[in-house]
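Trainee: After the sequence you'll find the predicted model.
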Amino acid sequence: MIAVKGYAHFGGKHGASAAIKNLLAFAGVDNPQTGKPFSEALCFGIAGGIGAGYSFCPSVPRYGCGSGVWIVGRHKSYATNASWYQDFFDRIGAVSRITETSGKGKAFQNLLAELKDGRPVVVWCSRARLPFLGNPVESVDLWGHTFVVYAVDEAKGVAYGADRAATKVTLTLDELAEARNGICSYKNRTLTFHPPKAVSIETLRSAVRAGVKACAQELLDGKIKTFSLPGLEIWSKMICNASNKDGWLKVFKGGLLYCALRDVFDSIETSGTGGGLYRNLFADFLAEAADLMGDKEFASLAGVYRSLATRWTELAEAVLTSDEARLDQTKNALRKRCQLFEEKGEQAAHSIQSVGEQLRTLEAEARKSFPPEELLVQLLPTRVRDPLIALHRDETDAARRLARLVR
């Protein structure tokens, strides 16, 4: 057994910010204002906080592998490199270390080397290949996931990790190798960091300002249009569109429309966002930053984003409307899977697998028989498109306030 001695830090709402929070706690890095460990919300905001946009990969529905739709909610969610983590560590004055390789064998040796040196390791994986997440519905290596590995038992052939779950996650070494190699651009990456002796209050305030500035800049003027606020406007124009090549009523015929609705809900509510497309987590960050910065505008914006979070949740609920039984069952199953994983982790593995089977059955049924498109055409404009247009407007206003706050 090769294990990082004394590692016992688990849980969170979002995988990556939970990883940072847990790594800092293990290293004994405290918030200089409170003298306590960094909160997940503070880590999330310093790393860049929220994002916005609409991701659609047309090859996914073309080959019958799902919808290819994901609603963007986190800063730099498009990045396949380690910059989201690196930005955080740079901002607090810590030095991060990265290894990359194309070979599974070398990847395993890189992981062992960090563990032997007493450093818990962040690993990049394909979400679809992580069994402890309950065999997610999508079957393609499209979305990534990061978590912390802190022990490897070669004799038993297993690895132990820390994720959003309140307890450890376990997977076989073969499963870990396949997940790490599932998305080629991730390059079997590992990340560790060397903590600073202490974080000063000045450094922390600077880090908060840098995180907010990066957040606002990408929201308003992101280098990829679909991964910034204009992406929401693009999405609103596709929802009821039957003529555009990417229009929903053209691309998502029959059961595929079910998949798109399910993936919208999951990406907003139950895929490790903390609910409300990460806006609740960001509001917690802004509320904490208000005390740190001594600026009431942070607190005011915390209220704005709390309200936006509620509206995103309402939109997600409307997407999987309770008026249609299969959609309602899907919504309840996704919430149950998320809750089971976050509260019980692998202790609920059997139940999580059962929910996964339920979701696969619901999809298979929907592919064969889904409500007439006329029903959804009636629902989508008023319940989804119009609220989305209003959200885009108010999200843009809030982002402009963020930008003024740190200019």
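Mentor: The structure has been received and is ready for your questions.
Trainee: Please enumerate the strands of the stretch 301-407 of the chain.
Mentor: In order along the chain, the stretch 301-407 of the chain carries no strands (DSSP state E, counting those that start in this stretch).
Trainee: can you list contacts of the helix ranked longest in the chain?
Mentor: Ranked by residue count under DSSP state H, the longest helix found in the chain is helix 296-319. The set of residues that contact helix 296-319 without belonging to it, under C-beta atoms under 8 Å, 6 or more residues apart in numbering, is 50, 261, 264-265, 268-269, 275-277, 279-280, 282-284, 286-287, 289-290, 331, 379, 383-384, 387-388, 390-391, 394-395, 398, 401-402, 405. Just so you know, the C-beta spots here come from the backbone N, C-alpha and C atoms, and that holds for glycine as well.
Trainee: Give the PyMOL command for selecting the buried subset of these.
Mentor: Selecting in PyMOL just the buried members of those, where the criterion is 16 or more other C-beta atoms under 10 Å, is done with this command:
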select buried, resi 50+261+264+265+268+269+275+276+277+279+280+282+283+284+286+287+289+290+331+379+383+384+387+388+391+395+398+402+405
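Trainee: Can you tell me which of the contacts of helix 296-319 end up in helices?
Mentor: Counting by DSSP H, the contacts of helix 296-319 place 261, 264-265, 279-280, 282-284, 286-287, 289-290, 331, 379, 387-388, 390-391, 394-395, 398, 401-402, 405 in helices.
Trainee: any idea which strand is longest in the chain?
Mentor: Across the chain, the strand with the greatest residue count (assigned by DSSP state E) is strand 144-153.
Trainee: buried ones in that one?
Mentor: Residues of strand 144-153 classed as buried under the neighbour-count rule (16+ other C-beta under 10 Å) are 144-152.
Trainee: Tell me which two in those are the farthest apart.
Mentor: Farthest-apart pair in the buried residues of strand 144-153 is Gly144 and Ala151; separation 22.4 Å (C-beta to C-beta).
Trainee: Leu204 touches Gln33, doesn't it?
Mentor: Yes: in this structure Leu204 lies within contact range of Gln33 using C-beta atoms under 8 Å: 6.8 Å.
Trainee: tally of neighbours for Asp291?
Mentor: Other residues near Asp291 number 12, with proximity taken as other C-beta atoms under 10 Å.
Trainee: what pLDDT does the residue nearest to Gly118 when sequence neighbours are not counted get?
Mentor: The spatially closest residue to Gly118, leaving aside those adjacent along the chain, is Val4, at 5.7 Å (C-beta to C-beta, 6 or more residues apart in numbering). On the pLDDT scale, Val4 is placed at 97.
Trainee: check contacts around Val4.
Mentor: Applying C-beta under 8 Å, 6+ apart, one finds that Val4 lies in contact with 26, 115, 118-120, 150-151.
Trainee: how does it look with 10 Å?
Mentor: 26, 114-121, 148-151, 160 (C-beta atoms under 10 Å, 6 or more residues apart in numbering).
Trainee: go on, Thr330?
Mentor: With contacts defined as C-beta under 10 Å, 6+ apart, Thr330 is in contact with 137, 258-259, 261-262, 265-266, 320, 324, 358-359, 362-363, 366.
Trainee: at 8 Å instead, please
Mentor: For Thr330, the set of contacting residues under the criterion of C-beta under 8 Å, 6+ apart consists of 258, 262, 265, 320, 359, 362.
Trainee: Looks like Ala3 contacts Ala151 (just checking).
Mentor: Yes: Ala3 is within contact range of Ala151, at 3.6 Å (criterion: C-beta under 8 Å).
Trainee: Could you tell me which residues touch both of those two?
Mentor: Between them, Ala3 and Ala151 have 115, 160 as joint contacts when contacts are counted by C-beta under 8 Å, 6+ apart.
Trainee: so how far is stretch 303-315 from its chain's centroid?
Mentor: Chain-centre distance of stretch 303-315: 17 Å, with C-alpha atoms, centre = their mean, to the nearest Å.
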